[in-house]
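Q: structure for the following, please:
(one chain, ligands or ions: 1)
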Amino acid sequence: MNTAELWQRYQDWLYYDEKLGFYLDVSRMSFDDAFVETMKPKFDKAFKDITAIEAGAIANPDEERMVGHYWLRDPDLAPTDELKQDIIDTKQSIIDFAHKIHSGEIAPPSGGKFTQILSIGIGGSALGPQFVAQALATLDAPLKIYFIDNSDPEGIDQILATISDRLDTTLVSVISKSGGTPETRNGMLEVKQVYEDRNLNFADHAFAITGKGSQLENQAKSEGWLATFPMRDWVGGRTSELSAVGLVAAALQGINIQAMLDGAKAMDALTRKPDLKNNPAALLALSWYFAGNGKGEKDMVILPYKDSLLLFSRYLQQLIMESLGKEKDLDGNIVNQGIAVYGNKGSTDQHAYVQQLREGVNNFFLTFIEVLKDRNAPSVEIEPGITSGDYLIGFLLGTRQALYEKQRDSITITIPDVNETTVGALIALYERAVSLYASLININAYHQPGVEAGKKAAASILSLQERVVEVLQKSQRALSLSELATQAEAPEQIETVYKIVRHLYANQRGIILTGNLGQPSSLKIAWQSH
Ligand SMILES: O=P(O)(O)OC[C@H]1O[C@](O)(CO)[C@@H](O)[C@@H]1O
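A: Numbering: from 1, shown residues only. Model (predicted):
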C-alpha cells in the first residue's frame, strides 16, 4: 500500500470516542474487506451471546454459573433486584471501610492510623490490584500497598523485611475467591505467625475478600477479623478487578473507584453496539481472529509506552490466556485454543526482543498503547524543541512503521492519560474483547479446568512427600531410591520421590544422603535420627 492508501485505510478504520478520548487503530492489521465480510455472521452471534451474558445467561455451563462482571459497573443490568442491591451495598461498604481506615475510626491497636496494606492473593486475586496500584497510586497515597502473591519463602521474607518496621500499622488483606488456594493460605499463615511472634493480634489487622461460606470466610469470622467483603460466584477471578477484589485496595490507596467504574461502564456502552466497525472490542476480537487464523497461531505482544502501565500485559496474560486457552470447544471437540500474551513496556522492550519481532519469526501481532499526556508538569527540552516524551512517542511510531515495513501487523490504542477512567475503560475493553472472541471460537471463557488439574497434581505430590518422610522415619536402615519409592507405594513415581528427597535434603529437613545426586541409583537415604 502506498502512503496515500495507507492514510485512507487509517481514516477508514479509525475508531474514536470523544468522551473517553479513546482511539483504536486497526489499520495496520492486514485484513481485507472480504475477510471482514466472512466474519460478520460470526459477529452477529457473538453480539447475541454477550447480550445474553449481560442478561444473566448461564455462560459458564460447566460450573453452571452466570457471568456477571459487567453488572459491577452498571448494577441496573443485574438480572435481579437482589443482585443489583448486593452490588450497590458492597460498593458502599468498601467506601465506608476505606473512609474509616483513612479517618482512623478503624485503627491499629497500637494507636495512630494504618499506614500500609499487605495484600495476599494470587492470579485474579492479585494481578488486577497490582496493575492498578502501579498505574494509579500516587506517591502520597494514604496507604502504600505491598503484595505476597506466591508460596516462595524468600519472596515472602523479602516483603516482610520491607514492611517489618511498620507491621503494627499494616492492614493485611487476604484475597481468595475459593478461600482455599494454597499459595494464599501459606502466605496468610506465614504472616499471621510473624504477627504472633511480635505479640500483635493478627485479627486486628486482617480483612478478607472471599466467597460465601469459604474456609477463609469462616476463619475471618471466627477469629473476628476487621471485615470481610464478598466475592460472588458470578464473578471470575480474572474479571474481578472491578469487584471488591480490586476496589477495596484501590479505595484504600485513595484511588477514585467510582471513576474506574464509570470508565468501565462507558466502555461497556461503546462495546455493546452490534456493529463491528463501530465497536472497539469487536475490532480487537476481529484483529485477534485475523492474526491467528482463529486458532491463536500468532502471539499477542502488548507494549504500553508508559511505565505506569507496565503490569497491564501481565494482567492481560491471565485474562486472555486463562479465558481462551481451552482444550475443548463448547460442543466438546478438541480445539486446543488460546492466544499467548507477553510484553512489558516501550521503549524499554525495543532494546530487548523487538529485534526478533522485526526480523525474526513472524509469529506475533503487536498492540501498542500510546498515552498522549507526557506528565503533569512542563517538560525540559532534551534537545531544542524536543522532550523525553517526544522521544517516547517517536519510538512508538518508529517501531510501528518499522514493523509495518516488514509485514508485521499491529494495533494501536491511544488514551489521553493514565487515570481512573481510562484504566477502567481499558479493563472493560479487554474483558469484552475476550467475551466476543470466545464466541467467535465457540469456547467457554469462564472456567479454568486446566489449572485445576495442576492444583490436584500438586496436592498429590505433597501427600507423596508425607509418605516418603513416614517411610524414612520408620525405616531401620538407609534405603535406595527404588526401595523408598516402593515402600511409599509409589514405585512408578520414583523420579518424583528423587526430587522430593533432593528438596528436603537441600533444606536440611531431616534427610541424610550418601552417594551421588547426579547418579540417583547410587543414593542411600536415611532419616537423621538413625
Ligand atoms: O481467588 P482464588 O480462589 O484464590 O484463586 C486464585 C486464582 O486461581 C485460579 O483459580 C487459577 O489457579 C484463577 O482463576 C484465580 O484467579
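Q: what packs against the longest helix anywhere in the chain?
A: The helix spanning the most residues in the chain, taking DSSP state H as the definition, is helix 449-474. In this structure, helix 449-474 packs against helix 481-487, helix 494-506, strand 524-527, with contacts taken as 3 or more C-beta pairs under 8 Å, 6 or more residues apart in numbering; DSSP states H and E. No exception for glycine: its C-beta is placed from N, CA and C like everyone else's.
Q: which residues are in contact with the residue nearest to residue 233 when sequence neighbours are not counted?
A: Excluding the flanking residues, the one nearest residue 233 by C-beta to C-beta, 6 or more residues apart in numbering is residue 65, at 5.7 Å. Contact criterion C-beta atoms under 8 Å, 6 or more residues apart in numbering gives 58, 59, 233, 234, 446 as the residues in contact with residue 65.
Q: residues of stretch 336-352 that come out buried?
A: The neighbour-count check on stretch 336-352 (16 or more other C-beta atoms under 10 Å) flags 337-347, 349-350 as buried.
Q: same question for stretch 504-513.
A: Burial within stretch 504-513, assessed by neighbour count using 16+ other C-beta under 10 Å, is assigned to 504, 505, 511.
Q: likewise stretch 218-228?
A: By neighbour count with 16+ other C-beta under 10 Å, stretch 218-228 contains the buried residues 219, 220, 225, 226, 227, 228.
Q: ok, now how distant is the fourth one from residue 237?
A: In this case it means residue 226. Relative to residue 237, residue 226 is positioned 23 Å away (criterion: C-beta to C-beta, to the nearest Å).
Q: and if you look at the last one?
A: Separation of residue 228 from residue 237 (C-beta to C-beta) stands at 17 Å.
Q: count of residues packed around the closest residue to the ligand within the stretch 201-350 of the chain?
A: Using C-beta to the nearest ligand atom, the point where the stretch 201-350 of the chain gets nearest to the ligand is residue 237, with a distance of 2.4 Å. Number of residues near residue 237 (other C-beta atoms under 10 Å) recorded here: 27.
Q: per-residue pLDDT, it?
A: According to the predicted model, the pLDDT of residue 237 comes to 97.
Q: contact partners for it?
A: Under the criterion of C-beta under 8 Å, 6+ apart, the contact list for residue 237 reads 123, 124, 125, 177, 245.
Q: where does this protein dip in pLDDT?
A: Applying pLDDT under 70 to the chain picks out residues 530.
Q: what residues does it put near the ligand?
A: Taking C-beta under 6 Å from any ligand atom, the part of the chain that reaches the ligand is made up of 122-125, 176-178, 181, 184, 237-238, 322, 448, 451.
Q: out of those residues, which end up buried?
A: Judged by neighbour count, with buriedness set by 16+ other C-beta under 10 Å, the buried members of the residues of the chain next to the ligand are 122, 123, 124, 125, 176, 177, 181, 184, 237, 238, 322, 448.
Q: strands of the chain, residue ranges please.
A: Defined through DSSP state E, the strands belonging to the chain, from first to last, are 15-17, 22-25, 116-120, 144-148, 170-176, 206-210, 227-230, 299-304, 341-342, 364-371, 410-415, 479-480, 511-514, 524-527.
Q: out of those strands, nearest to residue 84?
A: Relative to residue 84, the nearest member of those by C-beta to C-beta is strand 227-230, separated by 14.4 Å.
Q: next one: the closest one to chain centre, how far?
A: Offset of strand 227-230 from its chain centre (C-alpha atoms, centre = their mean, to the nearest Å): 21 Å.
Q: CA atoms of that strand as CSV?
A: Listed in CSV are the C-alpha atoms of strand 227-230, where the atom choice follows Å, rounded to 0.1, in the frame of the first residue of the first chain:
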residue,chain,number,x,y,z
ALA,A,227,-14.0,-7.1,57.9
THR,A,228,-15.0,-9.5,55.1
PHE,A,229,-16.0,-8.4,51.6
PRO,A,230,-17.8,-10.8,49.2
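Q: can you tell me what sits against stretch 455-467?
A: The set of residues that contact stretch 455-467 without belonging to it, under C-beta under 8 Å, 6+ apart, is 182, 488, 489, 490, 493, 496, 497, 500, 504.
Q: now, of the contacts of residue 65, which are buried?
A: Buried, going by 16+ other C-beta under 10 Å: 59, 234, 446, out of the contacts of residue 65.
Q: many thanks, I have nothing further to ask.
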